[in-house]
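> Got a predicted model here, sequence first, then my questions.
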Amino acid sequence: MKIGILGYGTVASGLVDIIDNNKDKRDISIEGILVRDVSKHAHRKHAEVLTSDIEDIFNKDVDVIVELLGGLHPSYEYLKRALENKINVVTANKDMLAEFGGELVSIAKENGVCIKFEASVGGGIPVLKPLIESLEGNEIDSISAILNGTTNFILSKMYDENLSYDEALKQAQELGFAEANPESDVMGYDAGRKLSILSTLSFKKRIYWKDFYLEGINNIEPKDIEYAKQLGCKIKLVGRSKINNGKVNGYVRPVLVGNDDIISKIDNEFNIIVVNGDFLGEVSFVGKGAGKDATGSAVYADVLDIYDHRLNNVDAFIKEKVDVDKVVSHECKALLRFKKPQKDKIISVLKDKLIDSKVIAQDDELAVVVDAPSECAINDSIKFIKDNNYCEDSSKILKLS
Ligand SMILES: NC(=O)C1=CN([C@@H]2O[C@H](COP(=O)(O)OP(=O)(O)OC[C@H]3O[C@@H](n4cnc5c(N)ncnc54)[C@H](OP(=O)(O)O)[C@@H]3O)[C@@H](O)[C@H]2O)C=CC1
Ligand SMILES: N[C@@H](CC=O)C(=O)O
């Protein structure tokens, strides 16, 4: 089988290694590799097929195009052209799927080819195929997940090694975990896109990533980690979505996770996806969510599907779009911090408006763990405190329940 690879960065390097490693088992020939700057890669294996001209790839009469460039453009235009030319496509590009998944699947179906995207969620973890195929008989009603390796790596390094946020992010970039623009990782956009792909496939309704409540880890301070330790918790960037009577509720946000919860045990670049099926109950998928070899392995699995003529497409992306409710409307706990506080006044407001509140620190700031009937009740209390200038600044981290 002849393939063209778009990109020769972290993931493409992993894919090339695994293709070469399995050469005696599967006859996959790399006909072209597209990069921006050929000279940068001239010393590498397969340098003879490098090109910076996309026409060289389309002129090679390939069976599969594997897109590992990232970003929306020109990736979208290249893949659309490939599918319209009846070339099967494999991609790890969640940005593009979250935005144009429906359109690309429709074009693939019209042209009798397929688009595969296992590596777009959970890096190396085989999760989409089991979800689509092995769990087909189940109605899935909830997803709880760590979906971004970079932020999980940063939070682990801050927690375990007291590394600063900036140092940890730098290491994640050096290890090839982060996106070309790491804002996608740290602001929660990447996890939001992955949660939208997972939710779309699981709930069989089109769910857009921007409709989730999205909050990143960029405001997490060492002091938050200290409080988390004091409370027997870790802070994790968690994506959660639920469907109930056709209504979807979902978020990506940093939350406190109790040390006895399986999600708190997933560290560094590892991801976890826990889904609940009506027949199966809960099932968890755990593994490396980012990095060269792990992600290369997932991309290779998609290439093998095409090699072995498993050319099915998923319909979920072309289903009707549903709205997403962003607020946590059930009883919840949260850690609240108030800077330059009028302590007695704040404590009195929280006691009045919420179910319970427990002060855990009161030095230069006030830190309180509250129990509330809903997130709205917490937000209303904070608004009242701020409107009355009882503090200079505040922050809130919900506890996962
Ligand atoms: N890194 C990871 O762990 C994971 C990444 N992904 C996804 O996989 C995809 C690839 O990621 P990754 O390998 O990390 O990215 P990298 O930034 O490491 O590599 C991107 C490659 O694409 C090439 N490239 C980018 N734009 C163009 C363009 N316009 N024309 C020609 N070549 C271009 C670059 O060329 P040059 O080298 O010349 O600059 C580079 O070789 C992304 O969609 C990412 O979100 C998914 C799961 C995990
Ligand atoms: N930047 C992403 C890469 C994999 O999708 C991450 O850190 O998870």
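Cool, the structure landed. Numbering: from 1, shown residues only. Ligands and ions are numbered 1, 2, ... in the order given.
> need the contact list for the residue in the chain positioned nearest to ligand 1.
Going by C-beta to the nearest ligand atom, ligand 1 is nearest to Gly9 of the chain, at 1.8 Å. C-beta: built from backbone N, CA, C; applies to glycine. Listed by C-beta atoms under 8 Å, 6 or more residues apart in numbering, the contact set of Gly9 reads 68, 70, 176.
> got the residues of this protein near ligand 2?
123, 148-150, 177-179, 185, 190, 289-290 (C-beta under 6 Å from any ligand atom).
> so how far does stretch 306-326 reach from one end to the other?
Distance across stretch 306-326, first residue to last, is 38 Å (C-alpha to C-alpha, to the nearest Å).
> typo on my end, it should be stretch 21-36
26 Å.
> Kindly report the same for stretch 252-263.
Separation of the first and last residues of stretch 252-263 by C-alpha to C-alpha is 14 Å.
> next one: stretch 240-249
Terminal residues of stretch 240-249 lie 8 Å apart, using C-alpha to C-alpha.
> which helices and strands does the helix or strand of the chain with the lowest mean pLDDT pack with?
Taking mean pLDDT, DSSP states H and E as the measure, the helix or strand of the chain with the lowest value is strand 324-325, at a mean of 92. Secondary-structure packing of strand 324-325 (3 or more C-beta pairs under 8 Å, 6 or more residues apart in numbering; DSSP states H and E): strand 247-258.
> After the strand it packs on, heading C-terminal, what element do we hit next?
Moving toward the C-terminus from strand 247-258, the next helix or strand (DSSP states H and E) is strand 270-277.
> residues of the helix or strand that that next one is followed by that come out buried?
Later in the chain than strand 270-277, the nearest helix or strand by DSSP H and E is strand 281-288. Of all the residues in strand 281-288, those buried under the rule 16 or more other C-beta atoms under 10 Å are 283, 285-288.
> The residue of the stretch 151-300 of the chain found nearest ligand 2: what's its closest spatial neighbour, skipping adjacent residues?
Per C-beta to the nearest ligand atom, the residue of the stretch 151-300 of the chain with the smallest distance to ligand 2 is Ala290, at 3.9 Å. Counting by C-beta to C-beta, 6 or more residues apart in numbering, Ala290 lies nearest to Gly149, which is 3.0 Å off, once chain neighbours are set aside.
> So the one you found sits against Glu269, correct?
Yes - with contacts counted by C-beta atoms under 8 Å, Gly149 reaches Glu269, the gap being 3.6 Å.
> and for these two, which residues touch both?
Residues touching both Gly149 and Glu269 (C-beta under 8 Å, 6+ apart): 123, 172, 177, 288-291.
> most neighbours, which of those?
Gly289 (32 neighbours; other C-beta atoms under 10 Å).
> isn't that residue right next to Gly124, touching?
Yes - at 7.4 Å, Gly289 counts as touching Gly124 under the criterion of C-beta under 8 Å.
> Stretch 259-278: which residues count as buried?
Those would be 261, 263-264, 266-277, for stretch 259-278 by 16+ other C-beta under 10 Å.
> Determine which two of those are furthest apart.
Asn268 and Gly277 (28.1 Å; C-beta to C-beta).
> Tell me, domain by domain, which residues of this protein belong where.
Domain ranges of the chain: 2-120, 128-290+319-325, 332-398, per automatic domain parsing.
> how about the longest one, does it reach ligand 1?
This points to domain 128-290+319-325. Yes - using C-beta under 6 Å from any ligand atom, domain 128-290+319-325 reaches ligand 1 at 176-177, 179-180, 290.
> Tabulate the residues of the chain next to ligand 2 in JSON lines, adding columns for secondary structure.
Shown next, in JSON lines, are the residues of the chain next to ligand 2 (DSSP: H, G, I helix; E, B strand; the rest coil):
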{"residue": "Gly123", "secondary structure": "coil"}
{"residue": "Asn148", "secondary structure": "coil"}
{"residue": "Gly149", "secondary structure": "helix"}
{"residue": "Thr150", "secondary structure": "helix"}
{"residue": "Phe177", "secondary structure": "coil"}
{"residue": "Ala178", "secondary structure": "coil"}
{"residue": "Glu179", "secondary structure": "coil"}
{"residue": "Asp185", "secondary structure": "helix"}
{"residue": "Asp190", "secondary structure": "helix"}
{"residue": "Gly289", "secondary structure": "coil"}
{"residue": "Ala290", "secondary structure": "coil"}
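> tell me which of those is nearest to Ala298?
Distance to Ala298 across the residues of the chain next to ligand 2 (C-beta to C-beta) is lowest for Gly123, with 6.6 Å.
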